[in-house]
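>>> sequence and computational prediction follow.
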Amino acid sequence: MPQGPPSLFDRLGGAPAVATLAAALVGRLQGDPELGHLFSPTAGTGLGTSLTGVLAVALGRPGGMAMGAPHARPHGDALHLSPRQFCLFAAHLMDVLTDAAVADDDVAAVMAWVQAARPAVVAGERSAAVSWPAGE
């Protein structure tokens, strides 16, 4: 059976590269005055540790959950970011991807996935369009 083109997950170097991107993102988020309290290891939210799984899905991890399936958020009913917090998060992610020299088309694809995930994480917005990785 012929294989399709490699996913962005594979092109970036697989799990080790995604873990490096996630660590860079968590570092930026922890240093942000408006987001740091959410991603601090002492916050008790687990958001920092779940970013590796979320990024892996966004980057096309083989066997990752597909968009369009019913969503199951990793920490209860919702993450409850404000619209501003979501935008700050997205800007930090774009900076991390750009700093890692990810191709513009690939950055655009990840950011489109992030925008599709917005209703699942922003307080008051609802959608069943995105699946979160289970147990990550």
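Good, I have the coordinates. Numbers count the residues shown, from 1 in each chain.

>>> dump the helix or strand of the chain with the lowest mean pLDDT to PDB, restricted to CA.
In the chain, no helix or strand scores lower on mean pLDDT, DSSP states H and E than helix 47-58, which sits at a mean of 72. Provided in PDB are the C-alpha atoms of helix 47-58 (Å, rounded to 0.1, in the frame of the first residue of the first chain):
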ATOM      1  CA  LEU A  47      -1.700  22.500  30.800                       C
ATOM      2  CA  GLY A  48       2.000  22.600  30.300                       C
ATOM      3  CA  THR A  49       2.300  18.800  30.200                       C
ATOM      4  CA  SER A  50      -0.600  18.400  27.900                       C
ATOM      5  CA  LEU A  51       0.900  20.700  25.200                       C
ATOM      6  CA  THR A  52       3.100  18.000  23.800                       C
ATOM      7  CA  GLY A  53       0.100  15.800  23.000                       C
ATOM      8  CA  VAL A  54      -1.900  18.700  21.600                       C
ATOM      9  CA  LEU A  55       1.000  19.800  19.400                       C
ATOM     10  CA  ALA A  56       1.500  16.200  18.200                       C
ATOM     11  CA  VAL A  57      -2.100  16.100  17.100                       C
ATOM     12  CA  ALA A  58      -1.900  19.500  15.400                       C
END
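
>>> from here on, count from 30
In the new numbering, first residue 30, that becomes helix 76-87.

>>> can you pull the buried residues of that helix?
By neighbour count on 16 or more other Cβ atoms under 10 Å, the buried set for helix 76-87 is 76-77, 79-87. For every residue, glycine as well, the C-beta is placed using N, CA and C.

>>> among the residues you listed, which one sits closest to Arg113?
Leu76 (16.4 Å; Cβ to Cβ).

>>> phi, psi of Leu110?
phi -70, psi 150 (degrees, to the nearest 10).

>>> do the one 4 residues further on as well
Here is the backbone geometry of Gln114 (degrees, to the nearest 10): phi -60, psi -40.

>>> hang on, the earlier thing: list the helices and strands the least confident helix or strand of the chain packs on?
Where contact means 3 or more Cβ pairs under 8 Å, 6 or more residues apart in numbering; DSSP states H and E, helix 76-87 is packed against helix 43-60, helix 65-68, helix 133-150.
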